[in-house]
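[1] take this sequence and fold it.
(2 chains)
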Amino acid sequence: MTATATSARSDLSELGRSETALRTFLHGLPGVDQVGAEQRAAQLGTRSIKTTAKAEAIDLAIRMVDLTTLEGADTPGKVRALATKALRPDPADPSCPHVGAVCVYPAMVPYVAEVLRGSAVHLASVATAFPSGQAPLEVKLADTRAAVEAGADEIDMVINRGAFLAGRYSEVYDEIVATKEACGDAHLKVILETGELATYDNVRRASWLAMLAGGDFIKTSTGKVPVAATPPVTLVMLEAVRDFRAATGRQVGVKPAGGIRTTKDAIKYLVMVNETVGPDWLDPDWFRFGASSLLNDLLMQRTKLTTGVYSGPDYFTLD
Amino acid sequence: MFEYAPAPESRSVVDIKPAYGLFVDGTFVDPVDGGSFKSINPASEEVLAEIAEGGAQDVDRAVRAARTAYEKVWGPMPGRDRAKYLFRIARIIQERSRELAVLESLDNGKPIKESRDVDIPLVAAHFFYYAGWADKLPYAGFGPDPKPLGVAAQVIPWNFPLLMLAWKIAPALAAGNTVVLKPAETTPLTALLFAEICQQADLPAGVVNIVTGAGETGRALVEHPGVDKVAFTGSTEVGRAIARAVAGTRKKLTLELGGKAANIVFDDAPIDQAVEGIVNGIFFNQGHVCCAGSRLLIQESVADRVLESLKRRMAQLRVGDPLDKNTDIGAINSAAQLARIRELSDAGSAEGAERWSPPCELPERGFWFAPTIFTGVTQAHRIAREEIFGPVLSVLTFRTPAEAVEKANNTPYGLSAGIWTDKGSRILWMADRLRAGVVWANTFNKFDPTSPFGGYKESGYGREGGRHGLEAYLNV
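    Below is the predicted model of the structure:
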């Protein structure tokens, strides 16, 4: 087993050097049966998480939130408020954990950095001509470097979907490698924009491509196209990170983003993580939710569990 | 790290009486000779209720009631009116689905998620589906005016108690027959609750009669000269005895018997979904499924990979309290069935196959068996030939599609089969050659009232479900 694992490891690192090798590998991955994958995801959604398990899941989910604002209308005031909330999501309850990270556009990074300095909350910035990725590579890399220099320690890049769908896998691969290099010490999350990839086979291939090229996380969506994170897409990506670790020994994180708004949904995702890849991924270092309105629902449910009564939405901050 | 807290479904939604009589001619009556037996909860061995044991005289009374109802009420009734009753029954089943699901899990031992999400919804769907046929029989393909047979004697098993009742009663009633049904002795409670639903729906007296009891009661029913049709689901051994008993009589017979289905995984299969299908194929309902995919045939080139994934998946299965909403595998239905599973599994080990189960803690009381796979199984092993009817999978390998077909067909049974491949043409090629009544492609254990179900060879004859299922209850 060790011998095969080692040889598999060296084989995989060579893949990126040739378009043919990359294509042969990606198209040799086992297919995904759409009906079966959707059925499995739905089944996992029927788990009943109650009482103590629910309380643990809510706190874990809060710690996994990448509190996000990605609007043209974002201002320093707006992102400062968001960053403050990230540090202390529930001002009324000091036992409430902080979120995983704040996620903003590069221009907003310096204002968030001021607030988060010295805290354990990460600062993520989208880059590489987010959300379309339709810019020359040099522009994308400059975008990335600027965000890191301004204080981001996590970069959420978008893959070149045009190149991917046209079958130019090397181009996608090389862009990820170059962005990873431009990140320096910052963690790289690779957004696949699964809503544009259309099939689960493509999601699995793009996941492997992103991992082979050195991505630290694979992320479903920008939140800017109609179809964002779905349970079956996340399931396919979790299976990919599980198989990638088995083949290479390297663990990659997963981040569903967009459309996750309720505690119930978040818990379904945690159940999926638990039963697909196991407890190694049940940690903010390895699983994140890209979300904004989710946090308040988590806080509301948390308060309900501790106090026994629901508070109105006015008791939770809107930032 | 992420432990699921207990999430038990409340059993207070169902009201179990201390004792039940026989349901004959629209009312509950005591058996003539006063015999009774107990139905227990297989997960705890707790006695649930005292059940009347029907004797020959009780069967006779029920058959007479069914005959009268057939001649006076149900037979002459226009199809559109029969449909109204069946639709009403279907709606009541939906309304009382939680109660039925809890009762089914208590009496049978199956997990609540299955009785809630599979059994009871399918029961209602069957009644809705056949209700739709009741006034359209001239268009079913059996001539312009097909006639019912008369009184149907129906004997059903314990693995899907209420679902098997629906498979039997819904088409019989839609076609204009009346029925006497005998549920299995270990799982009579949902059939008795169904009798109450018939009362609630104002179904005319005698159209549905439920006579509880064990093998002798069933024998008296199928041998009764007043029945026109016998339908049986259960073991091949009992099926043979019934075929002998009705030979030379006017009785029309359908049998749905055992199986030893091959679930065939090719090297180009979608592996993660195939593993789900393997798990669903053999561990659904504790493997108490006649069409269970109990023989896994894996192409040798992917065998290690599939087995590794399968074992990892099996370690996630949650065995325990059937009423916990997170339970995947419940209790074995009876001590006798548990003994049979143990005997065959021990034979598997003794004959040299390698046995594996994930670490799992089984409750102390009740009847339990951990999900188990045997690797290194050959066609010559007993566990590759005999129906185990439990959560035990025999794994064999093959090299070519032709070898897969040969091995899959090399069994006296022929109820179902599964094919896992990304290649559509291979699915069609295989389906043409597999001698099995149902062939699932990239799925397993999927049921629908519109789809006919039934076997080849020693898995029985006749079809249940769909338009084809009407034929068994029409004089054609």
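[2] where does the stretch 301-450 of chain B get nearest to chain A, residue-wise?
    Nearest to chain A, among the residues of the stretch 301-450 of chain B, is residue B:325, at 3.9 Å (C-beta to the nearest C-beta). Glycine gets a C-beta too; all of them are placed from N, C-alpha and C.
[3] and the spatially closest residue to that residue that is not a sequence neighbour, what element?
    Using C-beta to C-beta, 6 or more residues apart in numbering or on different chains and skipping residues adjacent in sequence, the residue nearest residue B:325 is residue A:48, 3.9 Å away. When elements are assigned from DSSP states H and E, residue A:48 belongs to no helix and no strand.
[4] how many neighbours does the closest residue in space to residue A:113 that isn't next to it in sequence have?
    What sits nearest to residue A:113 in space, not counting adjacent residues and going by C-beta to C-beta, 6+ apart, is residue A:151, at 3.4 Å. Residue A:151 has 17 neighbours, counted by other C-beta atoms under 10 Å in any protein chain shown.
[5] equivalent analysis for residue B:78, please.
    Neighbour tally, residue B:78, other C-beta under 10 Å: 11.
[6] same thing with the one 3 residues further on?
    Number of residues near residue B:81 (other C-beta under 10 Å) recorded here: 12.
[7] against residue B:475, how distant is it?
    Residue B:81 sits at a distance of 20 Å from residue B:475 (criterion: C-beta to C-beta, to the nearest Å).
[8] kindly report the same for residue B:225.
    18 Å.
[9] how near is the residue of chain A found nearest chain B to residue A:118?
    In chain A, no residue comes nearer to chain B than residue A:36, which is 3.0 Å away by C-beta to the nearest C-beta. Distance check for residue A:36 against residue A:118: by C-beta to C-beta, it reads 48 Å.
[10] ditto for residue A:203
    Distance, residue A:203 to residue A:118, using C-beta to C-beta: 38 Å.
[11] more neighbours: the two, which one.
    residue A:203 (25 against 6).
[12] tell me which strands and helices the helix or strand that contains residue A:266 is in contact with?
    Per DSSP H and E, residue A:266 falls inside helix A:263-276. The contact analysis (3 or more C-beta pairs under 8 Å, 6 or more residues apart in numbering or on different chains; DSSP states H and E) places helix A:263-276 against helix A:34-44, helix A:51-63, helix A:231-248, helix A:294-307.
[13] list the buried residues of that helix.
    A:263, A:265-276 (16 or more other C-beta atoms under 10 Å in any protein chain shown).
[14] with pLDDT added, can I get those residues in CSV?
    Shown next, in CSV, are these (pLDDT from 0 to 100):
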residue, pLDDT
A:263, 98
A:265, 98
A:266, 98
A:267, 98
A:268, 98
A:269, 98
A:270, 98
A:271, 98
A:272, 98
A:273, 98
A:274, 98
A:275, 98
A:276, 98
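[15] can you tell me which two in those are farthest apart?
    Using C-beta to C-beta, the two most remote members of the buried residues of helix A:263-276 are A:263 and A:276, lying 20.1 Å apart.
[16] leaving out the residues flanking it, which one is nearest to the residue in the stretch 151-300 of chain B positioned nearest to chain A?
    Nearest to chain A in the stretch 151-300 of chain B, going by C-beta to the nearest C-beta, is residue B:273, at a distance of 3.0 Å. Excluding its sequence neighbours, the residue lying closest to residue B:273 (C-beta to C-beta, 6+ apart) is residue A:36, at 3.0 Å.
[17] what's around the one you found, how many residues?
    If we define neighbours as other C-beta under 10 Å, then residue A:36 has 23 of them.
[18] sorry, back to before: list the contacts for the residue of chain A closest to chain B?
    B:270, B:272-274, B:276-277, B:442-443 (C-beta atoms under 8 Å, 6 or more residues apart in numbering or on different chains).
[19] and residue B:451, by the same measure?
    By C-beta under 8 Å, 6+ apart, residue B:451 lies in contact with B:465-466.
[20] for it, phi and psi?
    Backbone torsions of residue B:451, given as degrees, to the nearest 10, read phi -100, psi 130.
[21] ditto for residue B:419
    The phi/psi pair for residue B:419 (degrees, to the nearest 10) is phi -130, psi 130.
[22] what about it, distance to residue B:268?
    Counting by C-beta to C-beta, the gap from residue B:419 to residue B:268 is 11 Å.
[23] excluding chain neighbours, what is closest to residue 69?
    I went with chain A, as the question did not name one. The spatial neighbour of residue A:69 that comes closest, neighbours along the chain excluded (C-beta to C-beta, 6+ apart), is residue A:82 at 5.6 Å.
[24] my bad, chain B
    Per C-beta to C-beta, 6+ apart, closest to residue B:69 is residue B:206, 3.1 Å.
[25] in terms of neighbours, single out the busier of residue B:419 and residue B:268.
    Set residue B:419 next to residue B:268 and count neighbours by other C-beta under 10 Å: residue B:419 wins out with 30 against 16.
[26] quick check: that one touching residue B:439?
    Yes. If you go by C-beta atoms under 8 Å, residue B:419 and residue B:439 touch, sitting 6.6 Å apart.
[27] mutual contacts of those two, please.
    Common contact partners of residue B:419 and residue B:439 (C-beta under 8 Å, 6+ apart): B:430-431.
[28] burial measure for residue 75, as a count.
    Defaulting to chain A. Residues near residue A:75, counting by other C-beta under 10 Å: 12.
[29] let me rephrase: I mean chain B.
    16.
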